[in-house]
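Visitor: the sequence and its predicted three-dimensional model are supplied below.
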Amino acid sequence: MSDANARNGAPVTLYRNPKSGHCHRVELMLALLDIPYETIDLDMANGAHKAPEYLRISPLGQVPAIKDNGVALSDSNAILTYLVERYGDTTIWRGADPLEKAEVQRWLSIAAGEIASGPCAARLVTLFDADLDHEAAKARAHALFAVMEAHLNDRDWLASTHHPTLADIAGYSYIAHAPEGGVSLSPYPSIRAWLTRIEALPGFVGMARSPELA
């Protein structure tokens, strides 16, 4: 259960790009835990993420980053872990036993690996003109989605059989928005059902959508 009411009324500050899935996964976690927060959208095109004052919060000049009652932290998966450790029920979000904890960690690694190099990278090309191999990114996305589709065929959640965990929150944003990168979700009914379950969670907040290129 969220500890948000014990925060002395000071909201978490989330520094973000509103179209970044890394940022959205943090905002989604804040919302699901009912933690008061405010957002600051960085003008990254003009170098706001490289300004000295921001580098004191996020030394690598990356988004997202948060400030919380004197704590400054960057890296989306690290922030997710911090939020549930400080304000959430860790047995739910991080796993109730050694195997479930390991499964959560495995999917966090996939979020930083295959999701980042697949659907995230494909979307970076179409939305932000990133100099990446679009066809290779789409192929990696479909390879991952084939594995996920089989995994979700007879279960509701990625790491737990009973409820969502950090694995689902870390995976949601870029997969839900994969069509914006030219990666269709039509062949993956189990993935689409999983996305619908996340979107039905109390407190869910979405990320701004862009034209789909699937």
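Guide: Perfect, I can see it now. As the structure is a prediction and not an experimental result, all values here were calculated from the model.

Visitor: K50 and G61 touch, don't they?
Guide: Yes - counting by Cβ atoms under 8 Å, G61 is a contact partner of K50 at 4.9 Å. Every residue, glycine included, has its C-beta placed from N, CA and C.

Visitor: which one of those two has more residues nearby?
Guide: G61 (17 against 12; other Cβ atoms under 10 Å).

Visitor: state the distance from that one to V71.
Guide: Here G61 is placed at a distance of 19 Å from V71 (Cβ to Cβ, to the nearest Å).

Visitor: pull out the buried residues from the lowest-mean-pLDDT helix or strand in the chain.
Guide: None of the helices or strands of the chain scores lower by mean pLDDT, DSSP states H and E than helix 52-55, at a mean of 91. By 16 or more other Cβ atoms under 10 Å, the buried positions in helix 52-55 come out as Y54.

Visitor: which residues are in contact with it?
Guide: 15, 42, 48, 61, 65 (Cβ atoms under 8 Å, 6 or more residues apart in numbering).

Visitor: tell me which other helices or strands the helix or strand just after that helix touches.
Guide: Using DSSP states H and E, the next helix or strand after helix 52-55 towards the C-terminus is strand 65-68. Identification of packing neighbours for strand 65-68 by 3 or more Cβ pairs under 8 Å, 6 or more residues apart in numbering; DSSP states H and E yields strand 12-16, strand 71-74, helix 76-87.

Visitor: then the last one to PDB, C-alphas only?
Guide: Taking only C-alpha atoms (Å, rounded to 0.1, in the frame of the first residue of the first chain), the coordinates of helix 76-87 have been written out as PDB:
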ATOM      1  CA  SER A  76      14.100   4.900 -15.000                       C
ATOM      2  CA  ASN A  77      14.500   1.400 -13.600                       C
ATOM      3  CA  ALA A  78      16.500   2.600 -10.600                       C
ATOM      4  CA  ILE A  79      13.700   5.200 -10.000                       C
ATOM      5  CA  LEU A  80      11.000   2.500 -10.200                       C
ATOM      6  CA  THR A  81      12.900   0.400  -7.600                       C
ATOM      7  CA  TYR A  82      13.300   3.400  -5.300                       C
ATOM      8  CA  LEU A  83       9.700   4.400  -5.500                       C
ATOM      9  CA  VAL A  84       8.400   1.000  -4.500                       C
ATOM     10  CA  GLU A  85      11.000   0.500  -1.800                       C
ATOM     11  CA  ARG A  86      10.100   3.800  -0.300                       C
ATOM     12  CA  TYR A  87       6.400   4.100  -0.900                       C
END
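
Visitor: just the mean pLDDT for it, thanks.
Guide: For helix 76-87, mean pLDDT rounds to 97.

Visitor: for the nearest residue in space to T13 that is not next to it in sequence, which residues count as its bridge partners?
Guide: Computed as Cβ to Cβ, 6 or more residues apart in numbering, the closest residue to T13 that is not its neighbour in sequence is K67, at 4.4 Å. K67 forms beta bridges with T13, A72, as assigned by DSSP bridges.

Visitor: what about K67, how many neighbours?
Guide: Counted with other Cβ under 10 Å, the neighbours of K67 add up to 17.
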